[in-house]
Structure formats: structure tokens, C-alpha cells
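K.L.:
next come a sequence and a model predicted from it.
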Amino acid sequence: MGAAISQAAVSGTALVSRAEVAAALGKAVRVGALTQEEALAALQVFRNDWGDLVRVQVTEMLIARADLLAWDPGLGGYDAVQLASALAWQDALGEQVTMATFDKHLWTVAESVGLAAYPADLPAKLQTWKTTGKSP
């Protein structure tokens, strides 16, 4: 994902990503997908890069949009906020935004609402990971 971010003209995230990334890395340690050292190193990289990211603020309007996005495709609350944030940013920029996620459902919904989803080959990557136990 680092290459995609470095090639972008500007990179951004929903404000809630700060908590989401820490939670996801903690879970990765608990389920054995990462060692504690690997997760802490990744978290430190994320924290170091945080100041360089445009952060989409969580507002009443954004949450209202997330409310609508959560219902039909069955997204979880934070996933709906992430999606609403990407769409708000896309609206503000007037050009397509790429949403990076390794959640297959969120990835599919992101594509269906007009965002570019990254990685482009996520379903294949997840299948490789599932069958080999290794990240592709």
C-alpha cells in the first residue's frame, strides 16, 4: 500500500482511522497474524505519517451520510463512516478517490458507489492469503 500512497498527489483518511488502525493492528497480534513487534512497528509508521494525511472531519452531515450507507449494503458503523468520508472527499475534489481497504465487503461497496478500490485484485489476494496462510 505504501507505493500507492507515495504515488498519490495527496493522501487522506477519515479522522476515525487513527483508532481503527491501532485496533486492527492489536487484533492482528491477538489472532497471530503479526507479532507484537511487527504490529508496533507498523503502528509507529502510521503515527509518524499521520501529520502528512489530510484528515476528513467527522461532522453531523458526514454521519448522516454514513447512516444511509450503512443500511442498504449492511456496513458496520465505522466502515460506513470510512466510506462516507471517502465519498465526501471525492465530492470536494471533483475527481475519483481511491479507497484502500482489505475488507472485502467494504471494498466491494466502495467500487459500487464510484470509488476506486485498492488493491485492485483484493479478492485474489485474500484467496491467496487464505489458502497459503501468507500475505501475497
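P.N.:
Looks like it arrived, so ask away. Residues are numbered from 1 along each chain as shown.
K.L.:
next, count neighbours for the closest residue to residue 53 other than its chain neighbours.
P.N.:
Residue nearest to residue 53 in three dimensions, not counting chain neighbours: residue 13, with 5.1 Å by C-beta to C-beta, 6 or more residues apart in numbering. Yep, even glycine has a C-beta here, placed from its N, CA and C like the rest. If you count neighbours by other C-beta atoms under 10 Å, residue 13 ends up with 22.
K.L.:
not counting its neighbours along the chain, what's nearest the spatially most central residue of the chain?
P.N.:
Centroid-nearest residue in the chain, with C-alpha atoms, centre = their mean: residue 101, separated by 4.0 Å. Spatial nearest neighbour of residue 101, chain neighbours left out: residue 107 (5.1 Å); criterion: C-beta to C-beta, 6+ apart.
K.L.:
now that neighbour: which helix or strand?
P.N.:
Using DSSP states H and E, residue 107 sits within helix 104-112.
K.L.:
mind giving me the packing neighbours of whatever helix or strand comes next after that helix?
P.N.:
Using DSSP H and E, the helix or strand that follows helix 104-112 in sequence is strand 116-118. Contacts defined by 3 or more C-beta pairs under 8 Å, 6 or more residues apart in numbering; DSSP states H and E place strand 116-118 against strand 98-100, helix 104-112.
K.L.:
quick one, domains of this protein?
P.N.:
For the chain, automatic domain parsing gives the domain ranges 10-56, 58-136.
K.L.:
could you identify which of those has the lowest mean pLDDT?
P.N.:
For the domains of the chain, the weakest mean pLDDT is recorded on domain 58-136, namely a mean of 90.
K.L.:
what's the one helix or strand residue 78 maps to in contact with?
P.N.:
Here residue 78, judged by DSSP H and E, is contained in helix 77-93. Residues outside helix 77-93 that contact it (C-beta atoms under 8 Å, 6 or more residues apart in numbering): 12-17, 20, 54, 56, 58, 62-63, 65-67, 69-70, 75, 96-97, 99, 101, 103, 105-106, 109-110, 113-115.
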